[in-house]
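K.L.:
Quick one, structure for this:
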Amino acid sequence: MGGFTPANRRPLSPPSSGNNTRRPRLQIIVIIRESAITTMWMLHNSIRATNRIFREMPLIRPTFLERCKRWSVLLCVTGLLTLGGCATTGAGDPRDPLEPLNRGIYTFNEGLDTVIMKPLAEVYRGVIPQIVRTGISNVFSNLNDVIVALNNLLQGKLTNAASDVARIMVNSTVGVLGVIDVASKAGLEKHDEDFGQTLGYWGVGDGPYLVLPLLGPRTLRDSAGLIVDYRADPVTYIDPSHDRNIATATRIVSRREELLGASKVLDIAALDPYEFLRDAYLQRRRNLIYDGNPPREKDAAAGPANPAEAALPSYWGGMPMTPAEEENLIRREARGTLAPR
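P.N.:
Numbering: from 1, shown residues only. Predicted coordinates:
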């Protein structure tokens, strides 16, 4: 895109014809085209200026930035666990033993969001037309389906994995590299999976609730899953690095723009935004791991109702089953190798 400016583009003017009914449609096309070109030009020059600054700083090189990306999550988790021994737990939520430290990081993230991310998202919404924003969001959603398909495969959900692969193929071809979500209109369901859910599916516990700098709410299990998801993300392998930076920055701003409405609800409805966000995150993750049908917690905590069930597997006596154990039990009952309760 070197040398690309709005001044040297060719203007698109609707052809003069006697049919005036086509002019509104042509004007819409012209507006979309002009907006897209202006946006590309702004992003291109902004990233070039940022890269120029980074190259002139002797201590910041692309290799150093890549190492920071690769290890930042692991270092944040390690630092939080180390400092957690100094944090007083008090009588707070047992799922959040590091609450004093987490609240401090939450405050830092909120300040950063207020100063930088939220204004950027509002400008993005005000400048970019809705149809262009939807196309950009669809592109990154299509790339994310690669991570979803791999994790469905690791969880043994072969039907969902095949559906995800079909989504990628349809949207990448008919949908013009994912700009148009043709797969959803064709009946191919969009799934939401990541490696943190895969670990939970196979019985790995949540671990303590964490708030990571810049990354926001996580659990210890989900923080470990971030490293695997990063390696499986197609955006990670975009080369050269400045194109990868453009894609990453655009995805972050696009995602933040989608959450503008949710942040307003959080500010208005929540008496304690930190507690509200923590409970909502943990509940949503539990719901995702069990594919929308989690067991009731009070039933999971109860013991066996019948003493005769003590000789059966633990999950038959009312103890919580992992999603993998639940699916295995259903398969065995279907084959007739295990009598139902």
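
K.L.:
What strand or helix carries the spatially closest residue to residue 216 that is not a sequence neighbour?
P.N.:
Closest residue in space to residue 216, ignoring its immediate chain neighbours: residue 109 at 6.1 Å, by CB to CB, 6 or more residues apart in numbering. No exception for glycine: its C-beta is placed from N, CA and C like everyone else's. Using DSSP states H and E, residue 109 maps to helix 99-112.

K.L.:
need the strands for this structure, in chain order.
P.N.:
Ranges of strands within the chain are 209-212, 216-219, based on DSSP state E.

K.L.:
The first one pairs with which strands, and in what direction?
P.N.:
Strand 209-212 has these partner strands in its sheet, going by DSSP bridges: strand 216-219 (antiparallel).

K.L.:
Can you list the neighbours in contact with the partner strand?
P.N.:
Applying CB atoms under 8 Å, 6 or more residues apart in numbering, the external contacts of strand 216-219 come out as 109, 196, 206-212, 226, 277-278, 281-282, 285.

K.L.:
buried ones in it?
P.N.:
217-219 (16 or more other CB atoms under 10 Å).

K.L.:
now residue 281, nearest residue through space, not along the chain?
P.N.:
residue 217 (4.3 Å).

K.L.:
beta partners of the one you found?
P.N.:
residue 211.

K.L.:
Tell me the spacing between it and residue 196.
P.N.:
Residue 217 is 12 Å from residue 196, where distance means CB to CB, to the nearest Å.

K.L.:
try residue 252
P.N.:
Counting by CB to CB - residue 252 and residue 196 are separated by 19 Å.

K.L.:
Now residue 148. Nearest residue, chain neighbours left out?
P.N.:
residue 193 (4.6 Å).

K.L.:
that older thread, so for residue 252 and residue 196, which sits in the more crowded spot?
P.N.:
residue 196 (25 against 15; other CB atoms under 10 Å).

K.L.:
ok now do the closest residue to residue 248 other than its chain neighbours, which residues does it touch?
P.N.:
Leaving aside its sequence neighbours, residue 248 sits nearest to residue 235 (CB to CB, 6+ apart; 6.2 Å). Going by CB under 8 Å, 6+ apart, residue 235 touches 140, 143, 244, 247-248, 251.

K.L.:
Which of these fall within helices?
P.N.:
Counting by DSSP state H, the members of the contacts of residue 235 that fall within helices are 140, 143, 244, 247-248, 251.

K.L.:
Those: which two are farthest apart?
P.N.:
Maximum pairwise distance in those, criterion CB to CB, is 13.2 Å, between 140 and 244.

K.L.:
With residue 156 as the reference, name the closest of the strands of the chain.
P.N.:
Of the strands of the chain, nearest to residue 156 by CB to CB is strand 216-219, at 22.5 Å.

K.L.:
mind checking how far residue 255 is from residue 248?
P.N.:
11 Å.

K.L.:
These two: which has the busier surroundings?
P.N.:
Between residue 255 and residue 248, residue 248 has the larger neighbour count (other CB under 10 Å), namely 16 against 13.

K.L.:
residue ranges with poor pLDDT in the chain?
P.N.:
1-91, 270, 297-341 (pLDDT under 70).

K.L.:
make it 80
P.N.:
Scanning the chain for pLDDT under 80 picks out 1-91, 263-270, 296-341.

K.L.:
Break it down into its structural domains.
P.N.:
6-16+23-56, 88-289, 303-335 (automatic domain parsing).

K.L.:
Kindly present the ones you listed as JSON lines, with separate columns for distance to residue 296.
P.N.:
Output for these, formatted as JSON lines (distance: least, CB to CB, whole Å):
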{"stretch": "domain 6-16+23-56", "distance to residue 296": "48"}
{"stretch": "domain 88-289", "distance to residue 296": "11"}
{"stretch": "domain 303-335", "distance to residue 296": "10"}
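
K.L.:
Return the most buried member of the ones you listed.
P.N.:
domain 88-289 (a mean of 17; mean count of other CB atoms under 10 Å).

K.L.:
Just the helices from the protein, written as ranges.
P.N.:
23-56, 62-84, 99-112, 118-127, 130-154, 158-173, 182-185, 195-201, 220-232, 241-258, 260-269, 273-289, 297-301, 323-335.

K.L.:
for the buried residues of strand 216-219, which one is nearest residue 123?
P.N.:
For those, the nearest to residue 123 is residue 217 (25.5 Å; CB to CB).
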